[in-house]
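Asks: just need the structure, nothing else, for what follows:
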Amino acid sequence: IESKVIMISKIILSILVLLLGNCKAFSPAVCGRPKNPLFLSSSSYVGPVQESVELRLKEEFSPTYLEVINESHGQLEDESHFKVVIVSDGFQDKRLVQRHRLVNASLMKEGQLPFHALTITAKTNEEWDSNNSVPQSPACMGGH
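Replies: I've put the predicted structure just below:
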């Protein structure tokens, strides 16, 4: 029952973030950098690919904020398109392209991503504190 309560809480939080469009509308315990990192999933369905993405990123970057969003077309069970919002001091002194390469490398299996598309927003804690906006993912140009 506890897992259902957590899942429902995540769904409600995700809906509120979508409706309000700005995480700063919430208290620092929800939006900021709490002592215990906040990890969000934007849908009630979390499949094995998404779980793997979340686990790898947590292990690799020890993020203070992590959100993995399944943006797959059609059914969420397809798990073909993901958006990652990750905040970690591991990105300090790294250019944007370096951050993206690090995230991609941590998710690669046999030299490729185990899904079709990945959108990445990677920020340091300082950057997130000053601007926690997240751009929309580009439209998929085809493929899976």
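
Asks: going by C-alpha atoms from here, please, whenever you check contacts or count neighbours.
Replies: Will do.

Asks: show me where the protein has helices.
Replies: Applying DSSP state H to the chain gives helices spanning 2-20, 28-31, 48-61, 96-107, 125-130.

Asks: hey, least reliable of those helices by pLDDT?
Replies: Looking at the helices of the chain, the lowest mean pLDDT belongs to helix 28-31 (a mean of 40).

Asks: any idea how far residue 85 is from residue 136?
Replies: From residue 85 across to residue 136, the span is 11 Å (CA to CA, to the nearest Å).

Asks: more neighbours: which of the two?
Replies: The neighbour comparison of residue 85 against residue 136 (other CA atoms under 10 Å) goes to residue 85, with 22 against 9.

Asks: surely that one touches residue 128?
Replies: No: Residue 85 is not in contact with residue 128 according to CA atoms under 8 Å; the separation is 10.3 Å.

Asks: show the average pLDDT along stretch 114-124.
Replies: Averaging pLDDT along stretch 114-124 gives 89.

Asks: which residues sit against it?
Replies: 49, 79-92, 96, 99-100, 103, 107-108, 134-135, 137, 140, 143-144 (CA atoms under 8 Å, 6 or more residues apart in numbering).

Asks: from those, which would you call buried?
Replies: Buried members of these, counted by 16 or more other CA atoms under 10 Å: 49, 79-91, 99-100, 103, 107.

Asks: separation between residue 69 and residue 112?
Replies: Per CA to CA, residue 69 is found 19 Å from residue 112.

Asks: which one's more surrounded, those two?
Replies: residue 69 (20 against 11).

Asks: bridge partners for that one, pull those for me.
Replies: Going by DSSP bridges, residue 69 is paired in beta bridges with residue 83.

Asks: next: residue 112.
Replies: Under DSSP bridges, the beta-bridge partners of residue 112 are residue 109.

Asks: right, I'll leave it there.
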